[in-house]
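[1] Dropping the sequence and predicted coords here.
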Amino acid sequence: MEVNILKKEKTEMEFEIVGEDTTLPGLLVNRLNTYPEVEFAAYKAEHPLIPKPKVLVRVKKGDPLKSIEKALEELAAEVAEFRGIISKLK
């Protein structure tokens, strides 16, 4: 996985995730759009066979990177919790 910053401004950030499908961007954007400070979050894939989705995040105030980090931390915690539940099913 490689992340390339395409645009970074005070309240807006756009980046692409090279080598990934739209699964991670979908989870990230869904979480970001629940935050009151996020004005807009979306992703797009140029083509289903090109693993390079782009993510755009615009916040009303603050740093968009902080919102992205917060969302990723929360998603990682949920995955860890789910993994723990699944491991007990053995």
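    Structure's in. What do you need?

[2] Give the full set of residues in contact with the residue nearest the centre of the chain.
    Centroid-nearest residue in the chain, with C-alpha atoms, centre = their mean: L28, separated by 2.9 Å. Taking C-beta atoms under 8 Å, 6 or more residues apart in numbering, we find L28 in contact with A41, Y43, V55, I68, A71, L72, L75. Placement of C-beta: from N, CA and C, glycine included.

[3] List the contacts of E9.
    So E9 contacts nothing (C-beta under 8 Å, 6+ apart).

[4] give me that answer again for 10 Å
    E9 is in contact with R58, P64, counting by C-beta atoms under 10 Å, 6 or more residues apart in numbering.

[5] low pLDDT regions in this structure?
    Applying pLDDT under 70 to the chain picks out no residues at all.

[6] What ranges does it have for its strands?
    Under the criterion DSSP state E, the chain carries strands at the ranges 2-8, 12-18, 38-44, 54-59.

[7] okay, the ones you listed in TSV with distance to A80 and mean neighbour count next?
    Formatted as TSV, those follow (distance: least, C-beta to C-beta, whole Å; neighbours: other C-beta atoms under 10 Å):
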stretch	distance to A80	mean neighbour count
strand 2-8	22	11
strand 12-18	21	18
strand 38-44	23	17
strand 54-59	23	20
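
[8] want to throw the ones you listed into a markdown table with distance to V79?
    Output for these, formatted as a markdown table (distance: least, C-beta to C-beta, whole Å):
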| stretch | distance to V79 |
| --- | --- |
| strand 2-8 | 19 |
| strand 12-18 | 17 |
| strand 38-44 | 19 |
| strand 54-59 | 19 |
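
[9] Now do the contacts for the closest residue to N33 other than its chain neighbours.
    If the residues on either side of it in the chain are set aside, N33 comes closest to A41, at 5.1 Å by C-beta to C-beta, 6 or more residues apart in numbering. By C-beta under 10 Å, 6+ apart, the contact list for A41 reads 13, 25, 28-35, 55-59, 64, 67-68, 71.
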